[in-house]
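> build the 3D model from these lines:
(2 chains)
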Amino acid sequence: NAGVTQTPKFRILKIGQSMTLQCTQDMNHNYMYWYRQDPGMGLKLIYYSVGAGITDKGEVPNGYNVSRSTTEDFPLRLELAAPSQTSVYFCASSYSGVGATDTQYFGPGTRLTVL
Amino acid sequence: QQQVKQSPQSLIVQKGGISIINCAYENTAFDYFPWYQQFPGKGPALLIAIRPDVSEKKEGRFTISFNKSAKQFSLHIMDSQPGDSATYFCAAQGAQKLVFGQGTRLTINP
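Below is the predicted model:
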């Protein structure tokens, strides 16, 4: 099992450009999440999905969009990139969202810089 | 209130010492409290977790102490080793989502 994979590892965008961060998991997990990590701020939830075709907003969804057409993939779309979106982005997955057995497994992250 | 407050922001401990990181929460609906460990350039990984019906959980050198009435929980790392140097995040789960603390950068000096 590769677990949770993310591409690209690094990316520099210009203000106003768009891009998609890719996330794939091979653990047949139902739940998938996107977080951003800023220095000294912990991880903030952007969007999450409880299954294919179902997505919902997290704490900081503005400026982002997601889709979940398959169980395995959960891409994050940035439209009109802004410097405030400079961050490290982590994708995570879990079997379910409830209970003590629900470990979230994280990908290696995408470091995004918007200039 | 969905916040989880974590302290200290950074911590330096001598090898063999005890590292202690504290977290506090407000929302009594939280029902699962994991700690994640993150090494530079990597994603966070689950270290240890506790349910609120238990006051303490120990796994090797790592112990979570949980005080439900005070809405506080802490991570203790006994016999701290240089390999424990990492950033540690506490978290609390409610409504199918995790809320993370701000993180503690732990450095173990040899």
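
> okay, and residue B:5 sits in which element?
strand B:4-7 (DSSP states H and E).

> which elements pack onto the worst-scoring helix or strand of chain B on mean pLDDT?
For chain B, using mean pLDDT, DSSP states H and E, the weakest element among its helices and strands is strand B:97-100, scoring a mean of 89. If you count contacts as 3 or more CB pairs under 8 Å, 6 or more residues apart in numbering or on different chains; DSSP states H and E, strand B:97-100 packs onto strand A:31-37, strand A:43-51, strand B:86-94. From N, CA and C alone the C-beta is placed, and that goes for glycine too.

> if we can go back for a sec, is the helix or strand following the strand holding residue B:5 up against chain A anywhere?
Counting by DSSP H and E, the next helix or strand C-terminal to strand B:4-7 is strand B:10-14. No. Figure legend: strand B:10-14 not in contact with chain A (CB under 8 Å from any CB of the partner chain); closest approach 9.6 Å.

> tilt between strand B:10-14 and strand B:86-94?
130 degrees (axes from the mean of the first three to the mean of the last three CA atoms, to 10 degrees).

> quickly run through the sheet partners of strand B:10-14, with directions.
Here strand B:10-14 has these sheet partners by DSSP bridges: strand B:104-109 (parallel).

> could you check the angle the helix or strand containing residue A:24 makes with strand A:31-37?
Using DSSP H and E, the element containing residue A:24 is strand A:19-25. Per the same axes, to 10 degrees, the angle that strand A:19-25 makes with strand A:31-37 is 130 degrees.

> any residue of strand A:19-25 up close to chain B?
No. Residues of strand A:19-25 contacting chain B under CB under 8 Å from any CB: none, with a closest distance of 11.2 Å.

> near chain B, which residues of chain A show up?
Residues of chain A lying near chain B (CB under 8 Å from any CB): A:4, A:31, A:33, A:35, A:40-45, A:48, A:50, A:58-59, A:90, A:92, A:97-100, A:102-109.

> so for chain A, the centremost residue is which one?
By CA atoms, centre = their mean, chain A has its centre lying nearest to residue A:34, at 2.6 Å.

> wait, what's in contact with the closest residue to it other than its chain neighbours?
Using CB to CB, 6 or more residues apart in numbering or on different chains and skipping residues adjacent in sequence, the residue nearest residue A:34 is residue A:46, 4.3 Å away. In this structure, residue A:46 makes contact with A:34-36, A:58-61, A:64, A:66, A:76, A:89, judged by CB atoms under 8 Å, 6 or more residues apart in numbering or on different chains.

> cool, and residue B:48?
Residues in contact with residue B:48 (CB under 8 Å, 6+ apart) are B:34-35, B:57, B:59, B:62-64, B:75.
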